[in-house]
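> sharing a sequence plus its predicted fold:
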Amino acid sequence: MTLLNNKQPLAHEVVEDSNPSNNIDFQTIISRRLNRRSILKGGTGLTAAAFFGALPLVGCSDDNDSIPTKNNGNDAAIPAQGDLKRPETLKFTAVAHSTAETMSVAAGYKAEMILPLGTPLISGIDDWKDNREQSAESFEWRMGDNHDGMWFFGKKGTAYDAKASENGLLVMNHEYVNSSELSPFGYHVIQDKNAAPIFQNRRLASDVRREVNCHGVAVVEMKRRADGMGYEMVSNSKYNRRITSSTTTQLAGPVAGSDLVKTKFDPTGFQTRGINNNCGAGLSPWGTYLTTEENFLGVFARGQDASQLSAGQNYGRERYGATENFSGFEYLWHTPDAKDAKIVDEFSRWDMTATSASATDDYRNGFNTFGYITEIDPFDQNSMPQKRTALGRFAHENCAYAPVEQGKPVVFYMGDDARGEYIYKFVSKATWSNVDIGGGLKAGDKYLNEGTLYAAIFNENGRGEWKALIHGQNGLDALNSELPFHGQDEVLVFARAAADAVGATKMDRPEWVSVSPITGEVYVTLTNNKYRGVRDDQPVSASNPRSYNTGGKARGNDNGHIIRWAEAGGDHAATSFDWDIYLFAAPNDLVAENLSQLNDSNDFSSPDGLYFDPRGVLWIQTDDGAYTDTSSCMLLAALPGNVSDGAIQTTSVGQQTRVGMPASNDNIKRFFVGPEGCEVTGITMTPDFKTLFINIQHPGNTWGAVAGGSTPRSATVMITREDGDVILAESFV
């Protein structure tokens, strides 16, 4: 995250550890009595033709259009959907490990840096100048910091077109700020040891304002270059837009108007200011952008106010990491002098301390207005972002939808990125209709404001179940001992506590989710967990089965893994599923833990970003600190099989689990390695498959700096083939 007085930056995985439940203990005791052989049951799947016949977007439409084939740079041939195939093997040459200051990409490809931090989106704003202050206000029209999840929206004329590639809107998140990148402007802290604990370190208003504007989302119109290779920004486009941590947003769904979200800013509880810590992203089936709020805890502070709140209110705050005298992750946005504010409560709104008898006299509930999936219509620059509260409140990593089918509910999958947190899905009340494609936020109102939120239980026998988080069911009522639930609004605002109550499975930091267009199976990265098998409340289990030593030090699950499941009967609204572990990440020489048989061409650590392209290629990105002496973070391409395509294995601590088929140079390879010190994250591809966009966060050294400069900058990387063909064309011969 940020620096304090030029200390080392906090790592991306700095998140709260606030799950006090013992769900896995009870679950493991019961489940291990079951017959382990039942884990061998095969999963269900969907044919590619069936999947794409139902899917209206992501490079395909509901007619007979499909993927392009290799064509030496000419217009793509479009096979019928029934002929849609993914490659059987990956034929590019794997990229070697690298710790260089520069990035490296597979032979035959070109990787270019575009849209770095501070890039102006409109004229009249100075270009970024190294070691020279850019005004805080100007960042309302500049690219923000730490680019993350994104999507390319094809554009034809003034409308969204899922098949258009010549012109489009690139929409991306800006997750947080590195004061190492902004340090030329100063990270000035005024210390006052006589002040209340959360105000003993104060910051300048201009510095905080700049950081607030560096968060959020950027919408950038892009057009293909004249030479046909890659894209350039359309300067002064009417679509170019920044949505920041100061932008007014609408609360929509069951929590809107609840007493839990009423504040001094909006006593009615229907609006709040800002979107924050936007990490992964998703696309809606109707063509809008779904951004996520992850580590929102870090920008809030809480003083000493427990005596003014009920036991349930206190528990609800602490379940999300907000203990008394908490100052966040050193952002200190609440601390500038109020006389320096340019809008009412500009800084005090980041202080959730209860200071009066009424919640509408302070910002105690401001914290409850963050942590949601937020929907944005990039084609309507005047539209207000909608926080879709029916999908629950937690540290959302990304949001992926399952293939839609006429007359059936729309299903979204999500992970809560904190150690020992849960995996969720949302099933809409409304059933899908293709007429809603292009319907904007009105379609979002239809599908995202009403439905059922579920939390996942992964049993030891390779089966799983979804538990509904509905008030009055599964113990979610006023009799719950730790946090009484008096209505559905409380269930959703405190979704973590609701998942505790139904016995959801504690996972090793659930991050990105993606759904296979070939099988319909769902994949989730579990990045790592230093507490797995180390703390009593997070013992090993079949779904989180490793705990091991590295360098003689107990580190839990240091390298992470990817779990997947197949919903019963291929129905994504089902309440049961079969699961296995697709891949265990590990250095290839960590033999006892290398259960997936990775080698020098494909070993990796800490999987994070995850993206199935419409051809069935799975792209895996890493956010790692455990293997970076050998290689910087990376992007790999993979060709997964099916749930239960491997065998039962036993980990080094004696835990049995189901592992997917072994890795090989045919089915997973390293495609890209980022510059030293970075995280590789955010990924999207143009509908013609000729350009792949990824993002680089917190690079080291001078990567991204202006010529002759010394300040590194986060940026987007645009990858194209040198011959102008489609990405991975060599594997589609």
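That came through fine.
> please name the residues that touch Val220.
115, 121, 143, 169-172, 233-234, 237, 239-240 (C-beta atoms under 8 Å, 6 or more residues apart in numbering). (C-beta placed from N, C-alpha, C; glycine too.)
> hang on, Leu169 packs against Tyr239?
Yes: Leu169 lies in contact with Tyr239 (C-beta atoms under 8 Å); the separation is 5.6 Å.
> overlap of the contact sets of these two?
219-221, 378-379.
> looking at those, which are in strands?
219-221 (DSSP state E).
> adding distance to Gln538, write the contacts of Val220 out as a markdown table.
A markdown table is the format used below for the contacts of Val220 (distance: C-beta to C-beta, whole Å):
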| residue | distance to Gln538 |
| --- | --- |
| Leu115 | 39 |
| Leu121 | 44 |
| Met143 | 38 |
| Leu169 | 42 |
| Leu170 | 39 |
| Val171 | 36 |
| Met172 | 33 |
| Met233 | 45 |
| Val234 | 49 |
| Ser237 | 48 |
| Tyr239 | 45 |
| Asn240 | 45 |
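> filter these down to the ones in strands?
Of the positions in those, 169-172, 233 sit in strands, assigned by DSSP E.
> just to revisit the earlier point, of the ones in strands among the shared contacts of Leu169 and Tyr239, closest to Phe347?
Val219 (26.8 Å; C-beta to C-beta).
> burial check on the residue nearest to Ile668 when sequence neighbours are not counted, number of neighbours?
Distance criterion C-beta to C-beta, 6 or more residues apart in numbering; nearest residue to Ile668, sequence neighbours excluded, is Ala638 at 4.1 Å. As a burial measure, Ala638 scores 21 neighbours (other C-beta atoms under 10 Å).
> any idea how far Ala638 is from Phe584?
Per C-beta to C-beta, to the nearest Å, Ala638 is found 13 Å from Phe584.
> could you do Gly303 as well?
In terms of C-beta to C-beta, Gly303 sits 44 Å off from Phe584.
> now do Pro20, the pLDDT please.
With respect to pLDDT, Pro20 has a value of 75.
> one more: Gly82?
The per-residue confidence score, pLDDT, reads 38 for Gly82.
> skipping adjacent residues, who's closest to Tyr363 in space?
Nearest non-adjacent residue to Tyr363 (C-beta to C-beta, 6+ apart): Arg349, at 4.8 Å.
> need the contact list for the one you found.
Per C-beta under 8 Å, 6+ apart, neighbours of Arg349: 263-265, 273, 334, 363, 366.
> among those residues, which one sits closest to Pro675?
Distances from Pro675 to the contacts of Arg349, taken by C-beta to C-beta, are shortest for His334, at 34.0 Å.
> touching, the closest one and Asp351? I think so.
Yes: His334 is within contact range of Asp351, at 4.1 Å (criterion: C-beta under 8 Å).
> what helix or strand does Ala443 sit in?
helix 440-448 (DSSP states H and E).
> centre of the chain to that helix, how far?
Put simply, helix 440-448 sits 21 Å off its chain's centre (C-alpha atoms, centre = their mean, to the nearest Å).
> and it, what does it pack against?
strand 248-252, strand 373-376, strand 386-388, strand 423-431 (3 or more C-beta pairs under 8 Å, 6 or more residues apart in numbering; DSSP states H and E).
> recalculate using a threshold of 6 Å.
strand 423-431 (3 or more C-beta pairs under 6 Å, 6 or more residues apart in numbering; DSSP states H and E).
> which parts of the stretch 251-400 of the chain are helices?
Per DSSP state H, counting those that start in this stretch, the stretch 251-400 of the chain carries helices over the ranges 311-318.
> ignore the last one, the chain
For the chain, helices defined by DSSP state H occupy the ranges 23-31, 48-54, 179-182, 205-214, 311-318, 440-448, 488-493, 495-502.
> those: lowest mean pLDDT?
Taking the mean pLDDT of the helices of the chain, helix 48-54 comes last: a mean of 30.
> quick one: Trp466 and Thr575 touch, right?
Yes: counting by C-beta atoms under 6 Å, Trp466 does reach Thr575; the two are 4.6 Å apart.
> looking at those two, which one has more neighbours?
Comparing Trp466 with Thr575 by neighbour count (other C-beta under 10 Å), the higher total belongs to Trp466, at 24 against 16.
> what sits closest to the more buried one if chain neighbours are left out?
Tyr454 (3.8 Å).
> and the one you found, how many neighbours?
Tyr454: 26 neighbours (other C-beta under 10 Å).
> so in terms of bridging, what pairs with it?
Lys425, Ala468 (DSSP bridges).
> now it: how far from Ser284?
For Tyr454 relative to Ser284 (C-beta to C-beta), the value is 19 Å.
> with Thr575 instead?
23 Å.
> burial measure for Gln304, as a count.
Counted with other C-beta under 10 Å, Gln304 comes out at 13.
> adjust the sequence numbering to begin at 344 for everything that follows.
Right, with 344 as the first residue, what we last looked at is Gln647.
> and it, what's its pLDDT?
Looking at Gln647, its pLDDT reads 97.
> same question, Thr615
Reported pLDDT for Thr615: 98.
> ok, Glu936 next?
Confidence score, pLDDT, at Glu936: 96.
> list of residues touching the helix holding Ala786?
629, 718, 720, 726, 729, 731, 753, 771, 773, 779 (C-beta atoms under 6 Å, 6 or more residues apart in numbering).
> pLDDT added to the residues you listed, as TSV?
Shown next, in TSV, are these (pLDDT from 0 to 100):
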residue	pLDDT
Trp629	97
Glu718	98
Asp720	98
Ser726	97
Gln729	98
Arg731	98
Val753	98
Ser771	98
Ala773	98
Asp779	97
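> what is the nearest of those residues to Gly899?
Arg731 (33.3 Å).
> that closest one: neighbouring residues, count only.
Arg731, neighbours per other C-beta under 10 Å, totals 28.
> burial measure for the closest residue to it other than its chain neighbours, as a count.
Spatial nearest neighbour of Arg731, excluding adjacent residues (C-beta to C-beta, 6+ apart): Leu791 at 4.2 Å. Applying other C-beta under 10 Å, we find 26 residues neighbouring Leu791.
> same deal with Asn366?
21.
> can you pull the phi/psi pair for the closest residue to it other than its chain neighbours?
Sequence neighbours aside, Gly846 is the residue nearest to Asn366 in space, at 5.1 Å (criterion: C-beta to C-beta, 6+ apart). Note on Gly846: its backbone torsions stand at phi 80, psi 30 [degrees, to the nearest 10].
> got the confidence number for Gly846?
For Gly846, pLDDT reads 97.
> Asn521 now?
80.
> could you do Val1076 as well?
76.
> and it, how many neighbours?
If we define neighbours as other C-beta under 10 Å, then Val1076 has 8 of them.
> could you do Gly1043 as well?
16.
> quick one: the spatially closest residue to it that is not a sequence neighbour from Ile861, how far?
Distances taken as C-beta to C-beta, 6+ apart place Gly1020 nearest to Gly1043, at 2.6 Å, with adjacent residues excluded. Gly1020 sits 35 Å away from Ile861, going by C-beta to C-beta.
> cool, thanks, talk later.
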